[in-house]
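Asks: what's the 3D shape of this:
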Amino acid sequence: MRRAALAALGAGLAAAQEAPGSPEAAMNARCADVLAAITPAVQAACCADAGACAAGVPAGCGAGCAAAWTPFALKCSRFLDGEFPQFAAFTEQCEAATFPAGDGRCDEGYWAEAMQAVAADCCGDSGELCGEESHGVPEACAKGCQATFERFYARCHPAFGERAPAQATRFLQFLTACQEADDEPPAGGEPGGEPGGEPLASGPSGCAPAPAALLQRPC
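Replies: Predicted structure coming up:
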């Protein structure tokens with residue numbers, strides 16, 4: 001794990017404290033590596049304006065910034081929730097820049113379409129992973145399911161309270177199971193792209209190099 005890049009966030013990863021080999025620790029390690037790799041691209045896309053990242057987190061998220069951040073945030077959302085909750089508002093802004101505005105983000109048409117995609121990709125060839133006791137939420141994360149479910153979750157989670165209040169917790173648990181079981185490195189930098197860029201080199205005492213402010217630890 002490239003800890004020098006993560007030190008710029010001002011806190012050690014909980015993954016370092018997890019039992020070695022645990023699913024959560026493995027997920028955190030994968031996502032930490034990719035966060036380090038995409039940091040230069042995110043800085044370039046989200047911190048170009050003076051003061052945009054003065055607080056250590058981008059103050060806004062336009063289309064270019066969202067293209068750099070959202071692919072990572074989709075695939076590593078549980079890592080971000082647990083380790084870096086200060087990025088939650090920024091991620092929400094990027095989601096708003098990525099998905100249709102207003103009710104179109106998760107309207108009835110998209111919901112029905114997404115449910116069909118989840119059933120096709122996540123329920124098994126004969127629907128065996130989505131039995132009656134599962135209440136429509138897959139019981140295991142089948143190969144090829146994760147990306148479908150992550151996009152559905154990112155786009156529709158603000159509507160769960162209205163559309164599926166009884167399933168909201170199950171959706172979150174299933175998302176966690178998919179991301180912990182994943183053994184593919186998350187994409188980052190561009191939608192559908194491969195992780196790119198070099199790890200963020202640390203300056204004296206582990207401080208992030210100027211002029212980057214994103215993920216910068218105060219010195």
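Asks: Quickly list the domain ranges of this protein.
Replies: Per the record, the chain has its domains at 3-99+186-206, 107-181, by automatic domain parsing.
Asks: mind showing which ranges of the chain have poor pLDDT?
Replies: The chain contains residues with pLDDT under 70 at 1-20, 133-135, 183-219.
Asks: quick one, helices of it?
Replies: Assigned by DSSP state H, the helices in the chain fall at 3-7, 23-46, 63-75, 77-83, 88-98, 108-122, 146-156, 160-163, 168-181.
Asks: Dump the fifth one to PDB, restricted to CA.
Replies: Okay, so that is helix 88-98. Coordinates of each C-alpha in helix 88-98 appear next as PDB, following Å, rounded to 0.1, in the frame of the first residue of the first chain:
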ATOM      1  CA  ALA A  88     -19.300  12.800   1.400                       C
ATOM      2  CA  ALA A  89     -20.600  16.200   0.400                       C
ATOM      3  CA  PHE A  90     -18.000  16.400  -2.500                       C
ATOM      4  CA  THR A  91     -19.000  13.000  -3.700                       C
ATOM      5  CA  GLU A  92     -22.700  14.000  -3.700                       C
ATOM      6  CA  GLN A  93     -21.800  17.000  -5.800                       C
ATOM      7  CA  CYS A  94     -20.000  14.800  -8.200                       C
ATOM      8  CA  GLU A  95     -22.900  12.400  -8.400                       C
ATOM      9  CA  ALA A  96     -25.200  15.400  -9.200                       C
ATOM     10  CA  ALA A  97     -22.900  16.400 -12.000                       C
ATOM     11  CA  THR A  98     -22.800  12.800 -13.300                       C
END
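Asks: returning to what we had before: out of the domains of the chain, which is the most enclosed?
Replies: Most buried of the domains of the chain, by mean neighbour count (mean count of other Cβ atoms under 10 Å): domain 3-99+186-206, with a mean of 18. C-beta: built from backbone N, CA, C; applies to glycine.
Asks: and stretch 156-169, how far out from the chain's middle?
Replies: 19 Å (Cα atoms, centre = their mean, to the nearest Å).
Asks: and if you look at stretch 109-121?
Replies: Centre-to-centre, stretch 109-121 and its host chain are 20 Å apart (Cα atoms, centre = their mean).
Asks: List of residues touching that stretch?
Replies: Applying Cβ atoms under 8 Å, 6 or more residues apart in numbering, the external contacts of stretch 109-121 come out as 104, 127, 130, 136, 138, 142, 144-145, 148-149, 151-152, 155-156, 159, 163.
Asks: again, only using 10 Å
Replies: Outside stretch 109-121, the residues that touch it by Cβ atoms under 10 Å, 6 or more residues apart in numbering are 99-100, 103-104, 106-107, 127, 129-130, 136-138, 142-149, 151-153, 155-156, 159, 163-164, 171, 174.
Asks: So residue 78 sits against residue 174, correct?
Replies: No - assessed by Cβ atoms under 10 Å, residue 78 is found out of contact with residue 174, at 11.0 Å.
Asks: Can you add distance to residue 52 and give the helices of the chain back as TSV?
Replies: Listed next are the helices of the chain as TSV, based on distance: least, Cβ to Cβ, whole Å:
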stretch	distance to residue 52
helix 3-7	20
helix 23-46	7
helix 63-75	9
helix 77-83	19
helix 88-98	11
helix 108-122	31
helix 146-156	23
helix 160-163	31
helix 168-181	29
